[in-house]
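1. generate a structure from the sequence data that follows.
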Amino acid sequence: MHVLNGWLRCVAHVTLTAASTGTGAEEARVGRRPKPANEQLRALITEAGVSHKGLARRVVELGAARGIRGLAYDHSSVARWLAGEQPREPVPELIVDVLAGLVQRAVSTADVGMADSTVAADVGLTLAATWARCVADAATLWRADLERRRFLVESAVAVSASSAVALQWLVSPPPRSPLGTGRRQVGASDIDAIQEVIRSYRELDNRLGGGRVRGAVVQYLNGEVAPLLSEGRFTAGTGARLAGAGAELAQLAGFSFAEPVFA
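-> Purely as a prediction, here's the structure:
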């Protein structure tokens, strides 16, 4: 699965679990107020001149083009959005992109009456131009995976997106050295510790199957490696070693996704 290798090429894409909305009767029983209608979205749909069915179809098609599986929206879905329902991540951004294309101007999630997704729809779909951006993208994906976001276990990288990133990598100028300017000093001992963890997890992976160790690997990436990358202070040489160790551990987590659990 593509997910944790977003650290190497920052290529990943996503979709989150849908949240069901209660009926008006259920809301009344628990004392909730009905959600306000989304008049901003209604106005944009009217401006775009697209039917509810047409909007839903375009959202599904755009999601598929970006490698997001499992989207199944129709005119009734749009009706729920208009009634105030916030669709699962990263569908708000897909709606924004569809409507922006139809009205031929910039549109934000606020313009469609929705909140930004926790994980942006395009995270990892472009090659990070800077070290800081690559670290931020990787940390976002690791944290989301740890929180069991379904986009990390259900999504597939669109072939077109992968090819575009590969081409971008080939024609881009060499990146600057990975320097860390944070407050936490990172040295050889920190990297040696990561390498030792990698050896231990590989041994467990071989003995037990990746399914049993993947969660622990992701936990270590999120809790130990990400802070070193984002908050560490290190030289270019140390940064290169740190990046390599993080990439190796991320690769192990990615490969272990599809591996069986041995009895």
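2. flag the shaky bits of the stretch 1-150 of the chain, pLDDT-wise.
-> Along the stretch 1-150 of the chain, segments meeting pLDDT under 70 span 1-34, 117-129, 146-150.
3. helices along that one, start to end?
-> Assignment of helices within the stretch 1-150 of the chain using DSSP state H, counting those that start in this stretch yields the ranges 6-9, 24-29, 39-48, 52-65, 75-82, 91-103, 131-146, 150-154.
4. now these in a markdown table, please, with extra columns for mean neighbour count and distance to G211.
-> Yep, even glycine has a C-beta here, placed from its N, CA and C like the rest. Shown next, in a markdown table, are these (neighbours: other CB atoms under 10 Å; distance: least, CB to CB, whole Å):
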| stretch | mean neighbour count | distance to G211 |
| --- | --- | --- |
| helix 6-9 | 24 | 21 |
| helix 24-29 | 11 | 37 |
| helix 39-48 | 16 | 41 |
| helix 52-65 | 18 | 28 |
| helix 75-82 | 17 | 34 |
| helix 91-103 | 21 | 29 |
| helix 131-146 | 21 | 14 |
| helix 150-154 | 19 | 12 |
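5. out of those, which comes closest to E224?
-> For the helices of the stretch 1-150 of the chain, proximity to E224 was assessed by CB to CB; helix 131-146 is nearest, at 10.5 Å.
6. for V60, see how far away the residue nearest to V107 when sequence neighbours are not counted is.
-> Spatial nearest neighbour of V107, excluding adjacent residues (CB to CB, 6 or more residues apart in numbering): A100 at 4.0 Å. Computed as CB to CB, to the nearest Å, the A100 to V60 distance reads 17 Å.
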